[in-house]
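Undergrad: generate a structure from the sequence data that follows.
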Amino acid sequence: MDQETLKRTAVRPRPAAPPPAPRAVPIRLIAGGVALLVVLALVVLVPRVGGLGNRAHATSTTAHITPLPPTATAMPPTAANAWGAAISQHALRLSDGTTFTPTDVAPNGAFLVGYAIAQVNAPYFIAAVAVPSFSVQRLFTLPADATKPVVKTDGTFVAWMGGDTPTSAGTLHQTIGYVTLATGRYVELYDTFALQYDPRFFAVAN
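TA: A predicted model of the protein is given here:
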């Protein structure tokens, strides 16, 4: 018997399905990502830029600051300032029998200077009186007819200038001079029978 050969059609594999096409990213997502990047950039950069601006501003401001002048240190008043005009209003009776009228105080307060007189119409003595011992040092004797002196000191020198009150009626004998305390050496600078200088306006300095 004849056998009939059947030919089968060859089985071909089905072609693989093509990969799915990538899905398009929605535009709103792209815009959101860009916005996020911009925000992050601002967060990072703005403080730095602001800091640079502040530093530049501070430098500019500092360059124009005018320093304040130093505050003067308060100094204690000198002895003469502390006593003031009252110093010549308190005459002292000294152990040598003279009446001493102080007219100035040494800067360190160690002694008073002024004039002393033993009795009315007697000559004036330029004197220094130590404090607090009140020991007397006679420095110079004025002429008998000299006017009442004003005596001042800087602690090294004692200077005097005749005032406006004569020791006797009708005389106006003004004398000006100074004594070096360390040596006792005196110098007369002016001697006249007239009042040429106002004794209220003089000072001793070096």
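Undergrad: now do the helices in the protein.
TA: 27-63, 79-83 (DSSP state H).
Undergrad: low-confidence ranges in this protein?
TA: By pLDDT under 70, the weakly predicted segments of the chain are 1-35, 38-89, 165-171.
Undergrad: please redo it, this time with the cut-off set to 80
TA: Applying pLDDT under 80 to the chain picks out residues 1-91, 95-96, 120-121, 164-172, 200, 206.
Undergrad: show me where it has its strands.
TA: 92-93, 99-105, 111-117, 125-130, 136-141, 149-153, 157-162, 174-180, 186-192 (DSSP state E).
Undergrad: to R200, which of those strands lies closest?
TA: Smallest distance to R200 across these (C-beta to C-beta): 7.1 Å, for strand 149-153. The way it works is simple: take the backbone N, C-alpha and C, and place the C-beta from them, glycine included.
Undergrad: show me what that closest one packs onto, helices and strands only.
TA: strand 99-105, strand 111-117, strand 125-130, strand 157-162 (3 or more C-beta pairs under 8 Å, 6 or more residues apart in numbering; DSSP states H and E).
Undergrad: make a markdown table from these and add mean neighbour count and distance to L195 to it.
TA: Formatted as a markdown table, those follow (neighbours: other C-beta atoms under 10 Å; distance: least, C-beta to C-beta, whole Å):
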| stretch | mean neighbour count | distance to L195 |
| --- | --- | --- |
| strand 99-105 | 21 | 17 |
| strand 111-117 | 24 | 16 |
| strand 125-130 | 21 | 18 |
| strand 157-162 | 25 | 7 |
